[in-house]
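A.B. asks: Can you look at this prediction? I've put the sequence above it.
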Number of protein chains: 2
Amino acid sequence: MLSKNEVKYIQSLSHKKRREEENLFIAEGSKIVLECLKEIPHQIFRLYATDEYIQLHQLAQDFSDKVIVTEEEMERISQLQTAQQALVILKKKSVETNKTINDGWWLALDGIRDPGNMGTIIRLADWFGLNGIICSEDCADIYNSKVVQASMGSIIRVSIVEKNLQLYLSDVKVPLVGAVLGGKEISAYKFPSKGILVIGNESAGIRKEISSLLTDKIMIPRFGQAESLNAAIATGIFLWELNRPV
Amino acid sequence: MLSKNEVKYIQSLSHKKRREEENLFIAEGSKIVLECLKEIPHQIFRLYATDEYIQLHQLAQDFSDKVIVTEEEMERISQLQTAQQALVILKKKSVETNKTINDGWWLALDGIRDPGNMGTIIRLADWFGLNGIICSEDCADIYNSKVVQASMGSIIRVSIVEKNLQLYLSDVKVPLVGAVLGGKEISAYKFPSKGILVIGNESAGIRKEISSLLTDKIMIPRFGQAESLNAAIATGIFLWELNRPV
């Protein structure tokens, strides 16, 4: 049985400030919890699961730091609309970008605010095997439960750092490629073997100070009438084009 | 000033059943309302807007069937978390697919349940200038306010019909192209000049009865570790590849 204090503690991790103080975040759902048990058991601070869930999964049985909870308790600690059978508190992982930024491709997100877009972009980075993501300080918090859920488990695999993007990008030596009106049509653009793809805010695009740092400007041509594409959709098309076999 | 009955009537249109009985739906927000006034004034049943909004926009001033409302009234009739300055009740438009299905490209959606995905896919169909969308009966209702908002105005331009998809697709004569595990890698696939691109449900994919009707099976190759792509993201990459200049 969970103590009142433990319930309160878990609930408090729905706040960004608390997540930062504790260096922890929450992931929920049968599938992502299994992935954590399998891929990053060392990052699990504690597992909360129903007896049924634990009986079903050997990995959960073997994991030592777990608490068996009732469905009612799960509802109290869950941040989802419909609580699931398992939840883990995870330690954030620290990422060192400087060593690796010189190889392959990274994403830089300039003010992506919508948690759904953020999670979808993390899932895309995972699908396309990018090195990682550099977020500006005004992006949605990647440890927000909506981001974690929309990433469909990819949050545990993708390296993500938060930076003052303008400062950070003015100091890198690799190509900086971004979507800008009047940019080069992507199918005519030859992506270099390494670089950073910069994705701008949902309505304002890439901010001026960062746009001026771009070495290459590209765009997705429009064939119909919609005024713009969703930021995550545009990211998906860019990443496909970047990886596309010629 | 709005009567209690009028408020109730507008609120009732948040229910699918009422929208179907009345053949009406709601679109909200300054931008989409302007697009409606400009592009489809004949489809507007009634405009509700604040005095400030009407003073600012000549098109709103010129439109006859309008009601000036206070911000408090707008909050009562709005389905958004934050009410905006204008809302229109629109007449649904009737779409005839049979005449045109023999030319160009259509999308068929097989059980897309998430309203955000549905709206994003409608926006994509608009961006890429598709002929229209055929939805299975278990898709999210396209007149749901979340779909309308996520479509960013494209709902008023894209032709969309609801059909028994299995029956409908078994009767068409154009290529039926769908994403299936083990399908042909999309950059190696030559899209025909016309056809229907079939997109499956977020977790289950294309259902068996419809998958067996496909004439061509395709897939987006994976370069990293994510198990799958979001349905709207996959649609975006397919539509780009379909329209991509060689």
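C.D. replies: Yep, that arrived.

A.B. asks: contacts and neighbour counts: CA atoms only from here.
C.D. replies: Noted.

A.B. asks: ok, so what distance separates the residue located most distally from the centre of chain A from residue A:73?
C.D. replies: Residue farthest from the centre of chain A, counting by Cα atoms, centre = their mean, is residue A:1 at 32.6 Å. As judged by Cα to Cα, to the nearest Å, residue A:1 and residue A:73 stand 8 Å apart.

A.B. asks: about what we covered before: relative to chain B, how far out is the residue farthest from the centre of chain A?
C.D. replies: 34 Å (Cα to the nearest Cα, to the nearest Å).

A.B. asks: what residues are up against that residue?
C.D. replies: Residues near residue A:1 by Cα atoms under 8 Å, 6 or more residues apart in numbering or on different chains: A:68-70.

A.B. asks: filter those residues to the buried ones?
C.D. replies: Those of these that meet the buried threshold are A:68-70, by 16 or more other Cα atoms under 10 Å in any protein chain shown.

A.B. asks: Which of those fall in helices?
C.D. replies: The helices in this structure, assigned by DSSP state H, contain none of the buried ones among the contacts of residue A:1.

A.B. asks: Now render those as CSV, adding pLDDT and distance to residue A:139.
C.D. replies: Output for these, formatted as CSV (pLDDT from 0 to 100; distance: Cα to Cα, whole Å):
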residue, pLDDT, distance to residue A:139
A:68, 96, 35
A:69, 96, 34
A:70, 96, 35
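
A.B. asks: what's in contact with the helix or strand that contains residue A:119?
C.D. replies: Of the helices and strands defined by DSSP states H and E, residue A:119 is found in helix A:115-127. With Cα under 8 Å, 6+ apart as the contact definition, helix A:115-127 has outside contacts at A:107, A:112, A:131-133, A:140-142, A:144, A:146-155, A:157-158, A:231-232, A:235-236, A:239, B:222-230.

A.B. asks: Skip ahead from that helix and say which helix or strand is next.
C.D. replies: Sequence-wise, the next helix or strand downstream of helix A:115-127 (DSSP H and E) is strand A:132-136.

A.B. asks: partners of that next one, with directions?
C.D. replies: Strand pairing for strand A:132-136, using DSSP bridges, gives strand A:105-110 (parallel), strand A:160-163 (parallel).

A.B. asks: chain center to it: distance?
C.D. replies: Centroid displacement of strand A:132-136 relative to its chain, using Cα atoms, centre = their mean, to the nearest Å, is 9 Å.

A.B. asks: Put the alpha carbons of that strand into PDB.
C.D. replies: Provided in PDB are the C-alpha atoms of strand A:132-136 (Å, rounded to 0.1, in the frame of the first residue of the first chain):
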ATOM      1  CA  GLY A 132      20.100  13.500 -31.000                       C
ATOM      2  CA  ILE A 133      18.100  16.700 -30.500                       C
ATOM      3  CA  ILE A 134      19.200  20.100 -29.300                       C
ATOM      4  CA  CYS A 135      16.200  22.100 -27.900                       C
ATOM      5  CA  SER A 136      16.000  25.800 -27.300                       C
END
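
A.B. asks: what is the rounded mean pLDDT of that strand?
C.D. replies: The predicted model gives strand A:132-136 an average pLDDT of 96.

A.B. asks: Following element in sequence after it, please.
C.D. replies: helix A:145-150.

A.B. asks: From the contact counts, what lies against that next one?
C.D. replies: strand A:24-28, helix A:115-127 (3 or more Cα pairs under 8 Å, 6 or more residues apart in numbering or on different chains; DSSP states H and E).
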